[in-house]
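Q: the following comprises the amino acid sequence and a computationally predicted model.
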Amino acid sequence: MPTEVELKLSATPAAWAAVRVHRALTEANPGRARSTMIVSRYYDTPAHELHRHGIALRLRRRGTRWLQTVKSAGDAAAGMHRRAEYEWPLSRASLDPAKLAETPWAELFAKASGQLAAVFTTEVKRTDRALKFGDGTRATLSYDQGVVRADRRRAPLCEIEIELVEGDARRLYELALALCADIPLTLAHASKADQGYALARSRPAEPLRAGRVVLPPDIAAPHALAATAADCLGQMGGNAEAMRAGRDGEFLHQLRVGVRRMRSLLKLASGLQSGAAIASLDVGLVGLSEVLGPARDWDVLADTLAEIASNLDGDERRGFHRLRLRAAAKRRFHRAAAQSEAGSQRFTCSLLALGQFRIELELAAAGPPATAFARDALDKAERRLRKRGKRLGEADAAGRHKVRIAAKKLRYAAEFLASLFRHGGAKDYIDALSGLQSALGHLNDMIAATRLIDELLAAARNDTELSRAAGIVRGWTAAMSARELERLPKSWRQFAKAKPFWN
């Protein structure tokens, strides 16, 4: 199946002006660029059946040439888009159904026959530069500036695509890293088709949650981790893109989950790759977590205060309202910091480095069988959790935190590797593990809420009204913590009884 491989970056006209003269680009091609106008119409049924199946159908005019293109959904991770692509030159500006019958989706196109109509259009000025790297790898760098139109709605398009012609995909990452180190660029997770459908439907984007990667039982460990890394990076990139657009806190939460999953995967990969390289990648994720963590904590506190406020009497509301206003200001500050970080050069370079790491895993010539690797990794993670949880009922907050971290790492590893074992039991085990992690997470949220309330009160000394409101929150968190502590032994027993699915 013909496959398109390209690295996509979002860019402003000013950023492009810097890119076109950057040393990394001129070394790959010191020649002149070529520009042309491209108009593309995307077709679908009224119910968007093609899009629901991950298919994009496009009729494109490039200069005086017409092209018909079909693309699959493929995957997008750390800016790298890979998908099946079928393309044919046409003699006129109309779809050719006979060409569609040559694709793996012939049945879908046959059902859509007679219903296809233009859904949206993109109009861009494209500037192309052919690239050749020292190892013989060839690519094309394109800068697109224009608009996407759907009925009367329109949105700007401004992006750079580095498409692999032949050779090693790592060269694309090396070029992008050199550019992003000096120029404010971000990774583009959404394709032009994604942007067009979002505009046509006028629906808000949805947070990207962890997917289930199905691994064949005979896969090698590096290749299994590469497939899982793609899902982690897709979750991070998609939610970061939405955060930069100012979307709600669930995108922040899912970005943070993606970061945690990626850190757990790096831990798993530490036995397969250079320890120094893994540590360097983890440093970037730690820096991101230090910004996302406080933003998420203030989000959780805001929800907690809203729940408490709904149960207060009139006399208590004024001071509590003032407390919520102060918390809301802190929340906005940390949300803005998280949004800024999601669009920063530091974050972009970190994602690119992780994408390069994923390609290195894919290209690994050999490695231990994934099933043997998984058994060893899961055994170690479970022993660590059981050791830390032996005296969970007597543990203080610091001790419970260690158990929570161990539970989280085991859960992510189990989710990553469960599909290697087809004899069942994985769901029950992961559910029991999730229950334990959830109970410990709620306790951690209560501790964080108390700490943040103390922070708010420290800036308002001798304010009796705010002190009373803070006392209400402390009482509520203490009650919630007591309830969770009562439930915790049961959560631990349920996990302790769960049978490891990998044995």
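A: Thanks, I have the structure now.
Q: can you show me the strands along the stretch 101-250 of the chain?
A: Defined through DSSP state E, counting those that start in this stretch, the strands belonging to the stretch 101-250 of the chain, from first to last, are 117-132, 138-150, 153-166, 186-187.
Q: oh, I was asking about the chain
A: 3-10, 34-44, 56-62, 65-71, 75-77, 80-90, 117-132, 138-150, 153-166, 186-187 (DSSP state E).
Q: in the chain, where is pLDDT below threshold?
A: Applying pLDDT under 70 to the predicted model, the chain contains no residue that meets it.
Q: determine which stretch of the strands of the stretch 101-250 of the chain is the most buried.
A: Each of these was assessed for mean neighbour count using mean count of other C-beta atoms under 10 Å. The highest is strand 186-187, with a mean of 24. C-beta: built from backbone N, CA, C; applies to glycine.
Q: and it, what does it pack against?
A: Under the contact criterion of 3 or more C-beta pairs under 8 Å, 6 or more residues apart in numbering; DSSP states H and E, strand 186-187 touches strand 3-10, helix 221-244, helix 345-362.
Q: how's this structure carved up into domains?
A: Residue ranges for the domains of the chain, per automatic domain parsing: 3-203, 250-497.
Q: among those, which comes closest to Arg209?
A: Taking C-beta to C-beta as the criterion, Arg209 comes closest to domain 250-497 out of the domains of the chain, the separation being 5.9 Å.
Q: so how far is that closest one off the chain centroid?
A: On the basis of C-alpha atoms, centre = their mean, to the nearest Å, domain 250-497 is displaced by 16 Å from the centre of the chain it belongs to.
Q: distance between the ends of it?
A: One end of domain 250-497 to the other measures 33 Å (C-alpha to C-alpha, to the nearest Å).
Q: ok, now stretch 386-395?
A: End residues of stretch 386-395 are separated by 14 Å (C-alpha to C-alpha).
Q: re earlier: in CSV: the domains of the chain, plus distance to Ile219.
A: Written out in CSV, the entries for the domains of the chain read as follows (distance: least, C-beta to C-beta, whole Å):
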stretch, distance to Ile219
domain 3-203, 16
domain 250-497, 5
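Q: closest to Met243 out of these?
A: When the domains of the chain are ranked by distance to Met243, counting by C-beta to C-beta, first place goes to domain 250-497 at 4.5 Å.
Q: just to revisit the earlier point, quick one: closest of the strands of the chain to Ala496.
A: strand 75-77 (36.3 Å).
Q: for the closest one, name the packing helices and strands.
A: The helices and strands touching strand 75-77, judged by 3+ C-beta pairs under 8 Å, 6+ apart, are strand 80-90, helix 221-244.
Q: helices or strands up against the first one?
A: In this case it means strand 80-90. strand 3-10, strand 65-71, strand 75-77.
Q: Ala336: which of those strands is closest?
A: Closest approach to Ala336 among the helices and strands packed on strand 80-90 (C-beta to C-beta): strand 3-10, 19.4 Å.
Q: quick check: buried residues in the closest one?
A: The neighbour-count check on strand 3-10 (16 or more other C-beta atoms under 10 Å) flags 4-10 as buried.
Q: run the angle between it and strand 138-150 for me.
A: What separates the directions of strand 3-10 and strand 138-150 is an angle of 70 degrees, with axes from the mean of the first three to the mean of the last three C-alpha atoms, to 10 degrees.
Q: from the chain's centroid, how far away is strand 3-10?
A: Between the centre of strand 3-10 and the centre of its host chain there is 16 Å, according to C-alpha atoms, centre = their mean.
Q: then that strand to PDB, C-alphas only?
A: Extracted in PDB, the C-alpha atoms of strand 3-10 (Å, rounded to 0.1, in the frame of the first residue of the first chain):
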ATOM      1  CA  THR A   3       2.300   5.400   2.100                       C
ATOM      2  CA  GLU A   4       2.800   9.100   2.700                       C
ATOM      3  CA  VAL A   5       5.200  10.100   5.400                       C
ATOM      4  CA  GLU A   6       5.500  13.800   6.300                       C
ATOM      5  CA  LEU A   7       6.400  15.900   9.300                       C
ATOM      6  CA  LYS A   8       4.000  18.800   9.800                       C
ATOM      7  CA  LEU A   9       4.800  22.100  11.600                       C
ATOM      8  CA  SER A  10       2.600  25.100  12.300                       C
END
